[in-house]
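Enquirer: Sequence first, predicted coordinates after that:
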Amino acid sequence: MSAAVSNARALVAELVRAGVRHFVISPGSRSAPLAYAVGEAAARDELTLHVRLDERGAGFFAVGLAKRLSHPDNLVSERPCGTLVSPTTTVAVICTSGTAVANLHPAVLEADLARLPLLLLTADRPAEQQGVLASQTVDQLGIFGTAVRGLLPLEAPENNLADTSEAANVSDLDTARKTAREALILATNPENPGPVQVNLRYREPLHPSDLDSQHAPTEFMQCAVVEPVETTAPEVSRFFESRISRCSEPEASPPSDRSGDPFLPGDPTRTVVIAGDGAGPLAAALAHAQGWPLLAEPSSGSFGNGIVGYRMLLPLVGKPCQPLHAVVVGRPTLNRAVNALLSDPKVAVTVVAPGSPPWPDAWRNTARFLRGLAPRWFEPAVEAPSAFAQTWSRASDIAAEVFRCAATELTGRLGYLAAAREVLNAQVESGPLVVGASNVIRDLDLLGGALDCDESRFARGSARVPLGPILANRGVAGIDGTIATALGIASADQASTRSTGPARLFLGDLAFFHDANSLLTGVLEQRPQLQIVVANDAGGSIFSTLEHGAWAAGDPSRERLFQRVFTTPQQGDIAALCAGFDVGYRRVRSRSDLKAVLRDPGLGVEVVEITLDASGRLAATRQLALAIAGELNGN
């Protein structure tokens, strides 16, 4: 019998028994034992198998799966203490040896900072082929550095070809099972969930023999009895239960009278709640209870009910309306105005940080870190909105009206705002929206809850607006793997009984081309329904809104250098690329056309291209800020 195949079956069986249900694999030879094991288990409906054609796409596809599975909207229990993790939210990624492993690295970095539980099952050559220039052999131990929660090496099991009894290689099989349990405990550690590498060295034969096939079902069931998805291995279950119980723990210190809290000196009404990535509904609930302005990023889980245009308003509101306190939930990643506020020594910053370090404190100005918020934080502190809150609400209304008047069409310098507005409108009571990095997520962030839909369906100022879940790769906040992540999110969502509709991806043209290979799917794989909206401004126009664009403005020689090395103009043919990958394609030229396309997404994967004008983006954005400032000052 093939010891490699038997060992792989034992490992996969133990992961399934513990609750892992999603396995992602790319084709390869050294990983063949794992491929056979997951293929056999998938045929018995014991797991869901996803096959991607390249490891980089497979890694980000797994990130998307894990992100959606662990999102509060996809969990039975929504507890205000960050993302819950369990074996059922863990995704296993299988790859072959060599550069295949290195191609997982970008996704591993994202999973690390986003604290997503991934199991990296990396196949490897046996010890005798290490360090002798064997083909497709690299040093895979430690290849991911500090980005993994643990590295668990498994040496090649011995091949006892003469012994075909079921007792053969019992020690190796037990080691495989133990390693599977240990990997899950590390990946789902409630204090710091994340990726774990299990490096599996295999010797030939790497395929089942006829005898293996005869014994496979018996051997699999002896390794573990498959239990319902809610049941987990005992060691993992204890970690999960500790996470749930700790969610209700109050913070260690302040008295119930927060006006006497030394961390809220002066006027406690001058407090803002900042909801960064992954904050969940906690931030909106806190802001609603206390009457504090909410500055919420799109992927926070509290988006849609906060202050519109807050990044423009922060420098514009007068001194009496400057916050004295900031309560940070989640991880702010998007704009410099918030960073300036949080780094201001006159602002007392409280960070709600449920897990272990590192905690979000890029501004190095945090007064205290709280493990969670006690119930008293959600008891209304005032009967009527404070003057501070009323001023911020008025400023938000002014910004919303300025944006509504400005974002009329897709043509012109403000077309990017019109496109983002329609995508946001379509998100009301919708399926998940995945947002790419750079400009598109900042455009949504600027709009906040400025919707054109019928707002009578929900109460203004309520703790929750019915926007579908909005997710983004804000761990490293790069453009890498955006399409693959969205495909993973769509696959997880549409396999869930809680799915609320088709998924959508909103990204820029460079992010699209960067990950276009993920559109290519094997003909034996099921494509989820995903509408990909590409805001195509023919390059990286975000740089024109930074210092680099200001440096180049008005100087032809500087402008040429700026265009070449920063905005990198491109003329890629998105329609032709979609035709080559057998993906649906539509181009929209007006806001009404975009509204109609968003209302009626095509089947499977389709791409919707919007051609936007990137010229003068910085000037147009400044004009918006000036218009808001004029309204605030009564001009």
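Expert: Sure thing, it's come through.
Enquirer: Distance of the closest residue to His325 other than its chain neighbours relative to Gln390?
Expert: Take His325 and drop its neighbours on the chain: the residue closest to it by C-beta to C-beta, 6 or more residues apart in numbering is Thr271, 4.0 Å away. Yep, even glycine has a C-beta here, placed from its N, CA and C like the rest. To Gln390, Thr271 is 14 Å away according to C-beta to C-beta, to the nearest Å.
Enquirer: Same question for Gln529.
Expert: Separation of Gln529 from Gln390 (C-beta to C-beta): 43 Å.
Enquirer: can you count the residues close to Arg589?
Expert: Neighbours of Arg589 under the rule other C-beta atoms under 10 Å: 13.
Enquirer: correct me, but it touches Glu409?
Expert: No: the pair Arg589 / Glu409 is not scored as a contact, 9.7 Å apart, by C-beta atoms under 8 Å.
Enquirer: Between Thr271 and Gln390, which has more neighbouring residues?
Expert: Between Thr271 and Gln390, counted using other C-beta under 10 Å, the more crowded position is Thr271 (26 against 13).
Enquirer: Provide the backbone phi and psi angles at the more buried one.
Expert: For Thr271, the backbone dihedrals (degrees, to the nearest 10) come out as phi -120, psi 140.
Enquirer: Verify the stated contact: it with Trp292.
Expert: Yes: under the criterion of C-beta under 8 Å, Thr271 makes contact with Trp292 at 4.8 Å.
Enquirer: Overlap in contacts, those two.
Expert: Residues touching both Thr271 and Trp292 (C-beta atoms under 8 Å, 6 or more residues apart in numbering): Val327.
Enquirer: what about the closest residue to Phe61 other than its chain neighbours, distance to Val434?
Expert: Leaving aside its sequence neighbours, Phe61 sits nearest to Gly488 (C-beta to C-beta, 6+ apart; 4.1 Å). From Gly488 across to Val434, the span is 9 Å (C-beta to C-beta).
Enquirer: Between the two, point out the one with more neighbours.
Expert: In this view Gly488 and Val434 are compared by other C-beta under 10 Å, and Gly488 has more residues nearby, 34 against 28.
Enquirer: Next, the more buried one: secondary structure please.
Expert: helix (DSSP: H, G, I helix; E, B strand; the rest coil).
Enquirer: For the biggest helix by length in the chain, buried residues please.
Expert: Counting residues, the longest helix found in the chain (DSSP state H) is helix 387-406. Buried residues in helix 387-406, counting neighbours by 16 or more other C-beta atoms under 10 Å, are found at 388-389, 391-393, 395-396, 398-400, 402-404, 406.
Enquirer: would you turn these into TSV with distance to Ala362?
Expert: Shown next, in TSV, are the buried residues of helix 387-406 (distance: C-beta to C-beta, whole Å):
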residue	distance to Ala362
Phe388	26
Ala389	27
Thr391	28
Trp392	24
Ser393	28
Ala395	26
Ser396	26
Ile398	30
Ala399	26
Ala400	29
Val402	30
Phe403	28
Arg404	33
Ala406	31
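Enquirer: can you put those residues in a markdown table and add distance to Gly508 and pLDDT?
Expert: A markdown table is the format used below for the buried residues of helix 387-406 (distance: C-beta to C-beta, whole Å; pLDDT from 0 to 100):
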| residue | distance to Gly508 | pLDDT |
| --- | --- | --- |
| Phe388 | 36 | 92 |
| Ala389 | 35 | 92 |
| Thr391 | 35 | 93 |
| Trp392 | 31 | 94 |
| Ser393 | 32 | 93 |
| Ala395 | 29 | 94 |
| Ser396 | 27 | 94 |
| Ile398 | 28 | 94 |
| Ala399 | 23 | 94 |
| Ala400 | 24 | 92 |
| Val402 | 24 | 93 |
| Phe403 | 20 | 92 |
| Arg404 | 23 | 90 |
| Ala406 | 20 | 87 |
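Enquirer: Could you point out which of the residues you listed is nearest to Ile94?
Expert: The shortest approach to Ile94 among these belongs to Phe403, at 46.2 Å (C-beta to C-beta).
Enquirer: So what does the closest residue in space to that closest one that isn't next to it in sequence look like in phi/psi?
Expert: Spatial nearest neighbour of Phe403, excluding adjacent residues (C-beta to C-beta, 6+ apart): Ala450 at 5.3 Å. Main-chain torsions, Ala450, degrees, to the nearest 10: phi -80, psi 90.
Enquirer: the helices in the stretch 251-400 of the chain, which residues?
Expert: Ranges of helices within the stretch 251-400 of the chain are 282-290, 310-313, 336-342, 387-406, based on DSSP state H, counting those that start in this stretch.
Enquirer: Go through these and name the closest to Val605.
Expert: helix 387-406 (30.9 Å).
Enquirer: Does the closest one pack against any helices or strands, and if so which?
Expert: helix 310-313, helix 415-425, helix 617-632 (3 or more C-beta pairs under 8 Å, 6 or more residues apart in numbering; DSSP states H and E).
Enquirer: ok, the buried residues of helix 387-406 vs Val523, which is closest?
Expert: Nearest to Val523 among the buried residues of helix 387-406, with distances taken as C-beta to C-beta, is Phe403, at 44.3 Å.
Enquirer: pretty sure that closest one contacts Gly309?
Expert: Yes: the pair Phe403 / Gly309 is scored as a contact, 6.8 Å apart, by C-beta under 8 Å.
Enquirer: returning to what we had before: which neighbours do Gly488 and Val434 have in common?
Expert: Gly64.
Enquirer: Spit out the contact partners of the nearest residue to Leu151 once chain neighbours are set aside.
Expert: In space, and not counting its chain neighbours, Leu151 is closest to Gln197: 5.0 Å by C-beta to C-beta, 6+ apart. Applying C-beta under 8 Å, 6+ apart to Gln197 gives the contacts Leu120, Thr122, Ile143, Phe144, Val148, Gly150, Leu151, Leu152.
Enquirer: Could you do Leu15 as well?
Expert: Pro87, Ala92, Leu119, Ala180, Leu184.
Enquirer: Any figure for the gap between it and Leu119?
Expert: For Leu15 relative to Leu119 (C-beta to C-beta), the value is 7 Å.
Enquirer: Find residues that contact each of those two.
Expert: With C-beta under 8 Å, 6+ apart, Leu15 and Leu119 have common neighbours Ala92, Leu184.
Enquirer: where along the stretch 51-200 of the chain do the helices fall?
Expert: Using DSSP H, counting those that start in this stretch, helices in the stretch 51-200 of the chain cover 55-69, 99-102, 105-114, 170-187.
Enquirer: just so I know, which of the ones you listed lies nearest His548?
Expert: Judging the helices of the stretch 51-200 of the chain by C-beta to C-beta, what sits closest to His548 is helix 105-114, at 24.1 Å.
Enquirer: ok so, going back, name whatever forms a beta bridge with the residue nearest to Leu151.
Expert: Leu120, Leu151 (DSSP bridges).
Enquirer: And His325, by the same measure?
Expert: Thr271, Ala348.
Enquirer: what number of residues lie near it?
Expert: Neighbour tally, His325, other C-beta under 10 Å: 23.
Enquirer: and the gap between it and Val273?
Expert: 10 Å.
Enquirer: Surely Val534 is within a helix?
Expert: No: counting by three-state DSSP, Val534 is located in no helix; its state is strand.
Enquirer: Now do the contacts for it.
Expert: Counting by C-beta under 8 Å, 6+ apart, Val534 has contacts Leu507, Gly508, Asp509, Phe512, Ile574, Val607, Val608, Glu609, Ile610.
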